[in-house]
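Q: just to be clear, the model below is a prediction. Sequence and coordinates:
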Amino acid sequence: MIARSTYPVDIHNPEGTGTTLKRLPPDDAYDIPLRCLLPQQVEGVIVAGRCISGTHEAHSSYRVMPVSMATGQAAGVCAALAVRHGKSPRAIPAADVQDELIRQGANLRGIR
C-alpha cells in the first residue's frame, strides 16, 4: 500500500442524471497498492492520479485531488528509488517506497 483514501464512492450515471453515493464507515479507509501505478506490459513508466489502474467503482473514489497527490508522491518516490538503484520502477519493492513515504510523513497507518 502506498496511499490511503476515505473519499466516498460517487458513481455518476453515464446515461443521464443521478449519482450513487456510498460512504466508508467512520474511521475507515481503503488502501491503494503500488502495482496500481505500474502499467502492465510497459516498463519504465509510473502513473498517478486519475491514470492509475482500478475498477470503474474504485475510480469514482480515487479520482479526487487528495488521492492524486498521494499517488503522485508515491510515484515520485518510486521513480527516485529506481534511479538511485539503477532498476526499473517495477523492480522497486513496495516496502522501500513505503519506508520513504513514512519518512516523509505520509499517513500509511497499519504499515510497520
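A: That came through, no problem. Residues are numbered from 1 along each chain as shown.
Q: from now on I want contacts and neighbour counts done on CA atoms only, so please keep to that.
A: Noted.
Q: for the longest helix along the chain, packing partners?
A: For the chain, the helix with the greatest residue count under DSSP state H is helix 65-85. Judged by 3 or more CA pairs under 8 Å, 6 or more residues apart in numbering; DSSP states H and E, helix 65-85 is in contact with strand 3-5, helix 94-103.
Q: list the buried ones in the longest one?
A: Right, helix 94-103. For helix 94-103, the neighbour count (16 or more other CA atoms under 10 Å) marks 94, 97-99, 101-102 as buried.
Q: that older thread, among the helices and strands packed on helix 65-85, show the one with the smallest mean pLDDT.
A: Among the helices and strands packed on helix 65-85, strand 3-5 has the lowest mean pLDDT, at a mean of 92.
Q: what are the buried residues along the helix or strand that it is followed by?
A: For strand 3-5, the following helix or strand on the C-terminal side (DSSP states H and E) is strand 9-12. Buried residues in strand 9-12, counting neighbours by 16+ other CA under 10 Å, are found at 9-11.
Q: partner strands of strand 9-12, parallel or antiparallel?
A: strand 19-22 (antiparallel) (DSSP bridges).
Q: as PDB, could you dump the C-alpha coordinates of the partner strand?
A: Listed next in PDB are the C-alpha coordinates belonging to strand 19-22 (Å, rounded to 0.1, in the frame of the first residue of the first chain):
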ATOM      1  CA  THR A  19     -25.300   9.700  -8.600                       C
ATOM      2  CA  THR A  20     -24.800   6.700  -6.500                       C
ATOM      3  CA  LEU A  21     -23.100   7.700  -3.200                       C
ATOM      4  CA  LYS A  22     -21.600   5.100  -0.800                       C
END
